[in-house]
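Asks: Sharing a model prediction with you, sequence too.
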Amino acid sequence: MKVKTADAAGVSLRKALIYGTTTALLVGALTLPALVSVAYERTLRTVLLVLLLGLVGRTYLSSLLAFARTEPPGGMPDDLPLVSVVIPAYNEEPVLADTIEAALALDYPHECLEIVVCYEADSTDRTGEIAERYGAEYDAVKAVERDEPGGGKAKATNYALQYATGDLIASIDADHEFAPDAVSRAVRWFESDDDIWCVKGRCYGRNPTDSLLALHATVERHIAELADLFGRQVFGGFTIFGGGQAFFRAEMFDELGMFDEDVLVEDIDMSARIHAHGKRLQVDPYILTFEENPATLSGWWSQRSRWARGWMQVAVRHLLPLSRNGTLNLRQRADAAYTFGYALLPVLLVLVAPLFVLDRFVLDSSTWLPYDDYLWTAIGLGPVVCSYLIFARDWREGYSHHPAEYLAAFTLWFYFFFQSIVYVVAFLDEFVFDTESVYVTTSRSGAPDEPEPEHSPTTDD
């Protein structure tokens, strides 16, 4: 898979015109009949309302379920397993040193810990220098250079796994920092049940003040990481892990093979493969890593477009097989269908957006559902209510949020609509124009600094 930086990817005027024209044609095909048929208009609006109710209603439920507490039933084993922390790194100079420092600060014996920093030879900054310096200074750190064609997160992680000798693998992005007890808590989950092949913690945003995009992405991630992902665990649904951080049994890769290098979200693909194999994926929001969300438009767009297109690729691959898979119970199968089916909802949201403009001039604005005004109101309040439920839950646990996050909750719908445009572009790339998949890296904010010794994250980051 080809790799480009966010700045190098860019958007040509020709592509913008082609994609804009195609989108306009799709919008017209969906919405113009509403001008001549009230029944069509009400039906289309009803479909949208029902779909949004499914999405927002589930988020309401998940935000309430997030108040549940979870604890690994097993204690620490007498014979501690060797844990390999795998950190792929490409142009990660601003963040890599802090990530390694946080790994070195884990409350897990260093003789049972190895940190494999796999840096790309094509990096154009000091990533390799930082990795090699830590490899020379600390016995627990192993610096590995990858110098081969092609790239992407999956390919880099697979390469790094060749050098990991642990019984358990902790995979973490180079912009994440472990909380001190993250590894020991994950070890306790693996000790409790041999069928647990993956443990997923919570990624906690630490840079909400870098930009408006970073601010809204931070609040969005709180809802996704805590409400959605943990909510699935609480109600026994289809659990998934994001690539920012996760823990695995090493034997999983022997059984299932390595991460798929041909999809853009190898983490979601592996989640489906774990379930299909009859094994468990445990979500524990008390396993924390602190992440940096993209602060620039190019960095944010490249990350979200990669996620959007990757979700569509995985949905096509796994939607039907999982819905028929006998190793999953009925609830998990239904939840898997919901999860992958909703990958296309943002596209529909953009394509029917003109309905809301036409409401002010010529359209009826009603649906076939009773009390639809109340239902639209419940949808409109969703981001605010769910955000504040997450804030309340975190306050109970002693986790802090920047004051700006409390304000951003009121403008999340604008952010979500803007993000839906990314999904439209991804949809056109994947299903209309069938463009080549390119892994566009996420740019990092801030100037690189030399790290302070013994750095460890706190919940006040």
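Replies: Thanks, I have it.
Asks: alpha carbons only for contacts and neighbour counts from here, please
Replies: OK.
Asks: What is the burial count for the closest residue in space to Gly152 that isn't next to it in sequence?
Replies: Closest residue to Gly152 apart from its sequence neighbours, by CA to CA, 6 or more residues apart in numbering: Tyr439 at 5.5 Å. Using other CA atoms under 10 Å, Tyr439 is surrounded by 23 other residues.
Asks: give me every residue that touches Tyr439.
Replies: When contacts are counted by CA atoms under 8 Å, 6 or more residues apart in numbering, Tyr439 touches 1-4, 151-152, 264, 306.
Asks: swap in His222?
Replies: 203-205, 387, 390.
Asks: in what helix or strand does the residue nearest to Gly152 lie?
Replies: Per DSSP states H and E, Tyr439 falls inside strand 438-440.
Asks: Quick check: neighbours of that strand in the sheet, parallel or antiparallel?
Replies: Its sheet considered, strand 438-440 pairs with strand 2-4 (parallel) by DSSP bridges.
Asks: What lies in contact with the strand it pairs with?
Replies: If you take CA under 8 Å, 6+ apart as the criterion, strand 2-4 is touched by 150-152, 437-441.
Asks: try 10 Å
Replies: 9-10, 149-153, 302, 436-442 (CA atoms under 10 Å, 6 or more residues apart in numbering).
Asks: would you put the C-alpha positions of the helix or strand where Leu288 lies in CSV?
Replies: Per DSSP H and E: Leu288 is located in strand 280-291. Extracted in CSV, the C-alpha atoms of strand 280-291 (Å, rounded to 0.1, in the frame of the first residue of the first chain):
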residue,chain,number,x,y,z
ARG,A,280,-13.4,-12.8,23.2
LEU,A,281,-12.4,-9.1,22.9
GLN,A,282,-12.6,-7.4,26.3
VAL,A,283,-13.1,-3.7,26.6
ASP,A,284,-11.9,-2.0,29.9
PRO,A,285,-12.1,1.9,30.0
TYR,A,286,-9.9,1.9,33.1
ILE,A,287,-6.9,0.9,30.9
LEU,A,288,-5.9,4.4,29.8
THR,A,289,-3.6,5.8,27.1
PHE,A,290,-3.5,9.5,26.4
GLU,A,291,-3.6,10.4,22.7
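Asks: Which positions within the helix or strand following that strand qualify as buried?
Replies: Following strand 280-291 in sequence order, the next helix or strand is helix 297-323 (DSSP H and E). Using 16 or more other CA atoms under 10 Å as the test for burial, helix 297-323 gives 298-315, 318-319, 322-323.
Asks: what element comes up after helix 297-323 heading to the C-terminus?
Replies: helix 330-341.
Asks: The one helix or strand Glu41 maps to vs helix 330-341, what angle?
Replies: Using DSSP H and E, Glu41 sits within helix 38-65. With axes from the mean of the first three to the mean of the last three CA atoms, to 10 degrees applied, the angle from helix 38-65 to helix 330-341 works out at 120 degrees.
Asks: Now restrict the contacts of strand 2-4 to buried residues only.
Replies: Taking 16+ other CA under 10 Å as the criterion, what is buried in these is 151-153, 302, 437-442.
Asks: and which of the residues you listed is nearest to Ile421?
Replies: Closest approach between those and Ile421, by CA to CA: Ser302, at 12.7 Å.
Asks: Which pLDDT does the model give that closest one?
Replies: Looking at Ser302, its pLDDT stands at 91.
Asks: thinking it is in contact with Val425, fair?
Replies: No: taking contacts as CA atoms under 10 Å, Ser302 lies outside contact range of Val425: 11.4 Å.
Asks: what residues are shared contacts of those two?
Replies: Ala308.
Asks: Please point out which parts of stretch 409-429 sit buried.
Replies: Under the neighbour-count criterion of 16+ other CA under 10 Å, stretch 409-429 has 409-410, 412-413, 415-417, 419-429 buried.
Asks: actually stretch 190-210, sorry about that
Replies: Of the residues in stretch 190-210, 190-191, 196-210 count as buried by neighbour count, 16+ other CA under 10 Å.
Asks: any idea of the mean pLDDT for it?
Replies: Rounded mean pLDDT across stretch 190-210 is 96.
Asks: tell me the contacts of the residue positioned nearest the centre of the chain?
Replies: Taking CA atoms, centre = their mean, the centroid of the chain lies closest to Gly242, which sits 4.7 Å from it. Applying CA under 10 Å, 6+ apart to Gly242 gives the contacts 172, 200-203, 225, 229, 265-268, 270-271.
Asks: ranges for the strands of the stretch 51-200 of the chain?
Replies: 83-89, 113-120, 141-146, 168-172, 176-178, 196-205 (DSSP state E, counting those that start in this stretch).
Asks: what's the most buried one of those?
Replies: Among the strands of the stretch 51-200 of the chain, ranked by average contacts under mean count of other CA atoms under 10 Å, first place goes to strand 176-178 (a mean of 29).
Asks: Within its sheet, name the partner strands of that strand and how each one runs.
Replies: strand 280-291 (antiparallel).
Asks: Report the buried residues of stretch 25-34.
Replies: For stretch 25-34, the neighbour count (16+ other CA under 10 Å) marks 27, 30-31, 34 as buried.
Asks: my bad, should have said stretch 50-57
Replies: 51-53, 55-56.
Asks: ok, of these, which one's closest to Ala246?
Replies: Nearest to Ala246 among the buried residues of stretch 50-57 is Leu55, at 25.3 Å by CA to CA.
Asks: nearest spatial neighbour of the closest one, skipping sequence neighbours?
Replies: Distances taken as CA to CA, 6+ apart place Tyr342 nearest to Leu55, at 7.9 Å, with adjacent residues excluded.
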